[in-house]
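Asker: only geometry, no sequence info:
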């Protein structure tokens, strides 16, 4: 089969387009999927550099990619509720930058949902939902979401707003109109961020979701009253980052691993239905052929892409 492989850590140049790669076989409880679309994520190039081995250990030769949409091609032993030919989206165990991939967690793809839109949901939806659950945000509370216009951030905004949460979202000014469309109150990045968040939420914020990193954790602690006597420990309990590797230094939770498989599957099913119904959307940036995987990762790493990058075998 066709696949993108790499045999060492490094820059985009280590990615190689290969033909004749062995087609993987599904084990018990797994399915093999003929991939129709692949979502490109920052974790893909972070894995390529070897930066996230703690969460995603690598065995070489490796195929990048966590999420896909495609058609069930073969069932492993003990799989029920699925049939060959079913259209699904989900998480791969063998790498999604390939014609075929093995998956253990899949959900039905609604008929009205495009392959590209379906492939954009698993990582962003699961990550956003996991962080919101960890924070325990409730209707009537106010959430500050740093990096709100990114793919994960924008899904987090939509899920939180749908749950009755007021969202203050940081983004570049060019994305402020987009955040307003999603239901968030936008604030600009940069110096003075804490003051702008306070102005947007005069009654204060209850929790912070850091989807962008860039050293915002001290600001988050300050916003939640960490500067008051005895306030720092309580503040840190309601801050979660998915982007700042210095989280441990600040005593803040870094969330980077999948949750319970059954909950992940149920969430993915709900998000796919929401996307098909038009109540949940991921902005698509571009669709590229699989052979251009290195370029797609370079674009993702640049940080200047608006929306999701998709690869198609």
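Answerer: Sure, I can see it. Fair warning: this is a prediction, and the values are worked out from it, not measured in the lab.
Asker: helices of the stretch 151-300 of the chain, start to end?
Answerer: All helices of the stretch 151-300 of the chain, identified by DSSP state H, counting those that start in this stretch, fall at 151-162, 176-182, 193-200, 217-223, 231-236, 247-250, 261-277, 293-302.
Asker: of those, which stretch is the most buried?
Answerer: Across the helices of the stretch 151-300 of the chain, the average number of neighbours (mean count of other CB atoms under 10 Å) peaks for helix 151-162, which reaches a mean of 26. All C-beta atoms are positioned from the backbone trio N, CA, C, and that covers glycine.
Asker: contacts for it, please.
Answerer: 41, 120, 123-125, 127-129, 131-132, 137, 143, 145-148, 167, 169, 171, 178-179, 182-184, 209, 211-212, 242, 271, 279-283, 307-308 (CB atoms under 8 Å, 6 or more residues apart in numbering).
Asker: helix, strand or coil for residue 104?
Answerer: Put simply, residue 104 is strand when judged by DSSP: H, G, I helix; E, B strand; the rest coil.
Asker: report how many residues lie close to it.
Answerer: For residue 104, the count of nearby residues is 19 (other CB atoms under 10 Å).
Asker: still on that earlier bit, which one of the helices of the stretch 151-300 of the chain lies closest to residue 51?
Answerer: Residue 51 lies closest to helix 293-302 among the helices of the stretch 151-300 of the chain, at 11.5 Å (CB to CB).
Asker: now the angle from the closest one to helix 151-162?
Answerer: Orientation check (axes from the mean of the first three to the mean of the last three CA atoms, to 10 degrees): helix 293-302 against helix 151-162 gives 60 degrees.
Asker: what separates residue 42 from residue 266, distance-wise?
Answerer: From residue 42 over to residue 266 the distance is 25 Å, taken as CB to CB, to the nearest Å.
Asker: now stretch 11-30: buried residues?
Answerer: 15, 21, 24, 26, 30 (16 or more other CB atoms under 10 Å).
Asker: do you know which of the helices of the stretch 151-300 of the chain lies nearest residue 3?
Answerer: Sorting the helices of the stretch 151-300 of the chain by CB to CB, the top spot, which is the nearest, belongs to helix 293-302 at 9.6 Å.
Asker: for that closest one, which helices and strands make contact with it?
Answerer: strand 31-40, helix 42-49, strand 284-289, strand 308-312 (3 or more CB pairs under 8 Å, 6 or more residues apart in numbering; DSSP states H and E).
Asker: got these as JSON lines, with mean pLDDT and distance to residue 82 columns?
Answerer: Listed next are the helices and strands packed on helix 293-302 as JSON lines, based on pLDDT from 0 to 100; distance: least, CB to CB, whole Å:
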{"stretch": "strand 31-40", "mean pLDDT": "98", "distance to residue 82": "6"}
{"stretch": "helix 42-49", "mean pLDDT": "94", "distance to residue 82": "26"}
{"stretch": "strand 284-289", "mean pLDDT": "97", "distance to residue 82": "26"}
{"stretch": "strand 308-312", "mean pLDDT": "97", "distance to residue 82": "23"}
